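*Asks:* here's a sequence, model it:
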Amino acid sequence: MSLSYEPLWQMLNDMNITKMEFAKMIGMSNATLAKLGKNEPITLTTVDKICNRFDCQIQNVVKHIHDIQIAQSNFIIDIGMIVLAQDITESERIPIKGNDYIYRSKKRPHVVLEAVLGNGENDPKIIANTPYEKLMYAVAPMYLSSIFNSPLNVAFDEVDIDGKATSGYVAFGKLSVMSSGMFEKKLGIMPESYMKKFHKILQTFYETLDDDEELNQQQ
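*Replies:* Numbering: from 1, shown residues only. Next up, the predicted model:
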């Protein structure tokens, strides 16, 4: 089951009410406000307070999003695995007939950084108790060329990719979430020394996102 409080945020936006003003009007704790920001369940008593305060219906506060069956690959996915997948952040122009053409995502290696749920939840305890068919994966594309000058690119050297020692960089600026059904082929395993570095970068990303979310809630 998945919940979204997008109707609530839209209603408050239409009324020019900030999240902090909303919380004060309801007498809501910061913990409950944080749950709303993460689309986590809250008590029906709180929903009732919101409906009474704003003279609205439950559907103006929260909506239910049906669970989606996630396509799975035909091989077991491990963290640190290098897989072939379409780079959803970049496309190439493919000629078809005459002057006609289509755009299609390029295929390139990706490194699997961690397992997550569809709502972005990455708590290890929750992940461990989640059926495999409901898991998704945070991945970053790998470019097998000279590194671009960006602080979000992390170089790697002499990593075995599809049987060949290869150098390049992982583009953390193009981090995305995919189901394993988008992984076409296993190409190798990223060495543990690199994965430790990648996990530190990923943790910094999450901390930055949490800080941004907290700042938005205070505005």
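
*Asks:* show me the shaky parts of the protein.
*Replies:* The chain contains residues with pLDDT under 70 at 1-2, 65-71, 91-104, 118-120, 146-149, 206, 208-219.

*Asks:* now the strands for it?
*Replies:* Using DSSP state E, the strands of the chain run over residues 2-4, 63-65, 81-95, 101-116, 136-143, 153-161, 164-171, 176-178, 185-189.

*Asks:* taking strand 185-189 as reference, get the angle to the fifth one.
*Replies:* With axes from the mean of the first three to the mean of the last three CA atoms, to 10 degrees defining the directions, strand 136-143 sits at 80 degrees from strand 185-189.

*Asks:* what packs against strand 136-143?
*Replies:* Under the contact criterion of 3 or more CB pairs under 8 Å, 6 or more residues apart in numbering; DSSP states H and E, strand 136-143 touches strand 81-95, strand 101-116, strand 153-161, strand 164-171, strand 176-178. Using the backbone N, CA and C atoms, a C-beta is placed for each residue, glycine as well.

*Asks:* related to what we said a few turns ago, could you say which of the strands of the chain is packed most deeply?
*Replies:* Among these, ranked by average contacts under mean count of other CB atoms under 10 Å, first place goes to strand 136-143 (a mean of 22).

*Asks:* which residues does it contact?
*Replies:* 70, 77, 82-83, 85, 87, 89-90, 108-118, 122, 153, 156, 161, 168-172, 174-180, 198, 202 (CB atoms under 8 Å, 6 or more residues apart in numbering).

*Asks:* repeat for stretch 3-10
*Replies:* Under CB under 8 Å, 6+ apart, the answer for stretch 3-10 is 36, 39, 40, 41, 50, 59, 60, 61, 62, 63, 64, 65.

*Asks:* at 6 Å instead, please
*Replies:* Contacts with stretch 3-10, where a contact means CB atoms under 6 Å, 6 or more residues apart in numbering, come from 36, 39, 60, 61, 62, 63, 65.

*Asks:* return the alpha-carbon coordinates of it using PDB.
*Replies:* Taking C-alpha atoms only, stretch 3-10 is exported to PDB below (Å, rounded to 0.1, in the frame of the first residue of the first chain):
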ATOM      1  CA  LEU A   3      -0.100   6.800   0.200                       C
ATOM      2  CA  SER A   4       0.400  10.300  -1.200                       C
ATOM      3  CA  TYR A   5      -0.500  13.600   0.500                       C
ATOM      4  CA  GLU A   6      -0.200  15.500  -2.800                       C
ATOM      5  CA  PRO A   7      -3.900  16.600  -2.500                       C
ATOM      6  CA  LEU A   8      -3.100  18.200   0.900                       C
ATOM      7  CA  TRP A   9      -0.100  20.100  -0.400                       C
ATOM      8  CA  GLN A  10      -2.000  21.300  -3.400                       C
END
